[in-house]
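S.K.: Give me the fold of what follows.
(3 chains)
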Amino acid sequence: MTALAALIRRDIRIALRVGGGALIGVLFFLTVTVLMPFALGPDLALLTRLGPSILWLGALLASLLTLDRLFTSDHEDGSLDLIVMGRTPLELACAAKALAHWLAAGLPLIIATPVLGLMLNLDATATSAVALTLLVGTPALTFIGMIGAALAVTLHRGGLLLAVLVLPLSIPVLIFGVAASQAAISGPLPFGTPFSILCAISLVSFVIGPFAAAASLRHGLD
Amino acid sequence: MRLRGRQIDCVRGGRAVFSGLDFEAASSHALAVVGPNGSGKTSLLRLIAGLLVPAGGSVALEGGADELTLPEQTHYLGHRDALKPALSVLENLSFWRDFLGGDASDPHECLAKVGLAHATHLPAAYLSAGQRRRLSIARLLAVRRPVWLLDEPTSALDAAGQDLFAGLMQGHLARGGIIVAATHAPLGIEAGELRMGGSA
Amino acid sequence: MTLIDLANPTKFLSLTARILPWLAGATAILLLIGLYQAAMAPDDYQQGATVKIMFIHVPNAWLSMFVWGVMSLAALGTLVWRHPLADVAAKAAAPIGAAFTFLALVTGSLWGRPMWGTYWQWDARLTSVLILFLMYLGLIALWRAVDDPSRAARAAAILTLVGALNLPIIKFSVDWWNTLHQPASVLRMGGSTLDRAFLIPLLVMAVGFSLLFVTLHLAAMRNEILRRRVRSLQIMQASQQAA
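M.R.: As a prediction, this is how the structure comes out:
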């Protein structure tokens, strides 16, 4: 446990210090959301209706795009070799890194949601529904995106290719995240149905993500 | 304890780097791997560390801890120093000490041994190349591992640093450790020689 | 001839050289019979002659998923046994699978046109197939993005397996999303209620298309093996000149 705690502590520290870039994700989220009214028009009624979808799309892109360097920075300075050799199972180390990344880059997105909800004219129920679904859904995005981040080590490249590979896998999270938010706002479905499926998808991704990422890292360290 | 490799074949990117390689290193002995560039010195070390999979043959540590794999009983000091510039010297070392686990020593003492006691709270970004190497060497002391795999360990070290490191290696061998080092320069300790790239 | 022998690329090349003409012949005959039967099949009382698109659409849709299954098996071969022939099988299958998926999309869209009055409808089946198509394209892009074939094979294998695990979840999500937004699909078609006049030509076409896949896949694997031999010859040449 000390090993995993040490890894989480280290990754959060690096993310929050100069050059870490944890807050770039929030800035991206903010910018994307601010762009939307320019594309859709400043019609508040329309923005209210589309608000949950806009916030979800912004959070989805923000959490996947910040994952790019999750493993490559450790690969470049040799840390990844030592992590692979360590006595902690690589799957757990991967999960710890993803958790640290979510705490540093995912949680701020959720904290920013109420402010952005205000700008999209969402009421308190809608904002809290979106924040709650993001709280459950963004960890799933981080754990799915982690697979792409691990492939980046094998492929020696990141960026757009990874987004293309990972985005289709995130479709279920998007569908149920938006559906649960909409259900809480306008019905007709009870909030619980899509929300519990969203929880289930998150749990599945907690299993698939670390195993796939660890397999990818083991096979990719040439 | 004995580190033994048998009939190892190494293929990388469709190119055979070396094949049918045998080597052996016993407790309290160092093995210097020498040979021209591209003869597979680094590949051999990474193979022992479990970071590369051999195309054929095997490496094993006889007489090591049963419940641990060879990489888990091994320190690997590569070209890249596994340091984060944003963290302080002490934070860097403490992280590896906690993460690697096992029989650990006090990080302050380890830093004193490599001559970095004055810099514990400075960000690693401010260190010179030689100091970065010293900090990576401190990692070998922070957690005890019987096998040390060193890839050009003395590069970037000045004469004083090389002497200091030779002393540390002597200490490791005296405690029954094994050292396998890929090197162009003399190590400063008594070592067997494994010559790679037969024709050269 | 055992399975082990087949795993040797040279044996594979000589065996497939003998099999391929027969396979190609059988494929052509089956597809001709199937097409003839399909042309002779009666029109549907509701959909008219457009129902005949089904004879092309359904085999393609079936193969679009089957090929991903073949790639997943090959991916296991790559990761578990690190066998180069598995890499070759996976790489050769991807473009063929993408082609079948594309055909399934096009024929589905053409089939839907008279019903929906538009070429594209966010119908659950069609949307799932579209996502599958995107995943095939991503996989092909991955294969093309990396120079070293064994490195690319391992990355592609992981992605293929993750895709195989995720496809049912994606399918389920899209179905759920679709029922939320619009009523049942036009392309709904219970297999058991299908008339024999449709079923037999459909089966013949399905077998014919499956054989077509096997033929194309073996041919593409041969090409890929030869391509890799060229590559290793060139690497040998480069190292000789250096020495």
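S.K.: Please report the distance of the residue nearest the centre of chain C from chain B.
M.R.: For chain C, C:G97 is the residue whose C-alpha lies nearest the centre (Cα atoms, centre = their mean; 2.7 Å). Going from C:G97 to chain B by Cβ to the nearest Cβ, to the nearest Å gives 26 Å. Glycine gets a C-beta too; all of them are placed from N, C-alpha and C.
S.K.: For the helix or strand C:R227 falls within, name the packing helices and strands.
M.R.: In this structure, C:R227 is located in helix C:196-242 according to DSSP states H and E. When contacts are defined as 3 or more Cβ pairs under 8 Å, 6 or more residues apart in numbering or on different chains; DSSP states H and E, helix C:196-242 sits against helix C:9-40, helix C:54-76, helix C:84-116.
S.K.: quick check, the last one touching chain A?
M.R.: So that's helix C:84-116. No - between helix C:84-116 and chain A, judged by Cβ under 8 Å from any Cβ of the partner chain, nothing touches; the nearest distance is 11.8 Å.
S.K.: tell me the angle of that helix relative to helix C:196-242?
M.R.: Here helix C:84-116 points in a direction 140 degrees away from that of helix C:196-242 (axes from the mean of the first three to the mean of the last three Cα atoms, to 10 degrees).
S.K.: what's the answer for the second one, then?
M.R.: For helix C:54-76 and helix C:196-242, the angle between their directions (the same axes, to 10 degrees) works out to 40 degrees.
S.K.: tell me the mean pLDDT for helix C:54-76?
M.R.: Mean pLDDT, helix C:54-76: 91.
S.K.: Kindly report the same for stretch A:180-190.
M.R.: On average, the pLDDT along stretch A:180-190 is 83.
S.K.: Show me which residues of it are buried.
M.R.: Across stretch A:180-190, burial judged by 16 or more other Cβ atoms under 10 Å in any protein chain shown covers A:A180, A:S181, A:Q182, A:A183, A:A184, A:I185.
S.K.: contacts for that stretch?
M.R.: Stretch A:180-190 is touched from outside by A:52, A:55-56, A:125-126, A:129-130, A:133, A:179, A:191, A:193-195, A:198, C:180, with contacts defined as Cβ atoms under 8 Å, 6 or more residues apart in numbering or on different chains.
S.K.: Mark which of those residues are buried, thanks.
M.R.: Here, 16+ other Cβ under 10 Å leaves A:P52, A:L55, A:W56, A:A126, A:A129, A:V130, A:T133, A:A179, A:F191, A:P194, A:F195, A:L198 buried among those.
S.K.: among the residues you listed, which are within reach of chain C?
M.R.: The subset of these lying close to chain C, counting by Cβ under 8 Å from any Cβ, consists of A:A179.
S.K.: Can you tell me which of the buried ones among the contacts of stretch A:180-190 comes closest to chain B?
M.R.: A:L55 (30.8 Å; Cβ to the nearest Cβ).
S.K.: before we move on, which element is that closest one in?
M.R.: Element membership for A:L55 (DSSP H and E) is helix A:44-65.
S.K.: Is chain B within reach of the helix or strand just after that helix?
M.R.: Per DSSP H and E, the first helix or strand lying C-terminal to helix A:44-65 is helix A:72-76. Yes - Helix A:72-76 lies within reach of chain B by Cβ under 8 Å from any Cβ, at A:E76.
S.K.: What is the following helix or strand past helix A:72-76 packed up against?
M.R.: Using DSSP H and E, the helix or strand that follows helix A:72-76 towards the C-terminus is helix A:79-85. For helix A:79-85, the elements it packs on are helix A:90-101, helix A:192-220, strand B:74-77, helix B:89-100, judged by 3+ Cβ pairs under 8 Å, 6+ apart.
S.K.: Any chance of the helices and strands packed on helix C:196-242 in TSV with distance to C:L165 as columns?
M.R.: Shown next, in TSV, are these (distance: least, Cβ to Cβ, whole Å):
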stretch	distance to C:L165
helix C:9-40	29
helix C:54-76	9
helix C:84-116	16
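S.K.: Figure out which of those is closest to A:G159.
M.R.: Comparison of the helices and strands packed on helix C:196-242 against A:G159 by Cβ to Cβ identifies helix C:84-116 as nearest, at 21.2 Å.
S.K.: now that closest one against helix C:9-40, angle please.
M.R.: Using the same axes, to 10 degrees, helix C:84-116 lies at 20 degrees relative to helix C:9-40.
S.K.: May I see the buried residues of helix C:84-116?
M.R.: Of the residues in helix C:84-116, C:84-105, C:107-109, C:111-112 count as buried by neighbour count, 16+ other Cβ under 10 Å.
S.K.: Equivalent analysis for stretch A:5-15, please.
M.R.: For stretch A:5-15, the neighbour count (16+ other Cβ under 10 Å) marks A:A6, A:L7, A:I8, A:R9, A:R10, A:D11, A:I12, A:R13, A:I14, A:A15 as buried.
S.K.: Flag the shaky bits of chain B, pLDDT-wise.
M.R.: By pLDDT under 70, the weakly predicted segments of chain B are B:13-14, B:198-200.
S.K.: longest single helix anywhere in it?
M.R.: The longest helix of chain B (DSSP state H) is helix B:159-174.
S.K.: Could you export it as CSV, CA atoms only?
M.R.: Taking C-alpha atoms only, helix B:159-174 is exported to CSV below (Å, rounded to 0.1, in the frame of the first residue of the first chain):
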residue,chain,number,x,y,z
ALA,B,159,37.0,11.5,-11.0
ALA,B,160,35.9,12.1,-7.5
GLY,B,161,32.4,10.7,-8.3
GLN,B,162,33.9,7.7,-10.0
ASP,B,163,36.0,6.9,-6.9
LEU,B,164,33.0,7.4,-4.7
PHE,B,165,30.9,5.1,-6.9
ALA,B,166,33.7,2.4,-7.0
GLY,B,167,33.6,2.5,-3.2
LEU,B,168,29.8,2.0,-3.2
MET,B,169,30.1,-0.9,-5.6
GLN,B,170,32.8,-2.5,-3.4
GLY,B,171,30.5,-2.2,-0.5
HIS,B,172,27.7,-3.9,-2.4
LEU,B,173,30.0,-6.8,-3.5
ALA,B,174,31.2,-7.1,0.1
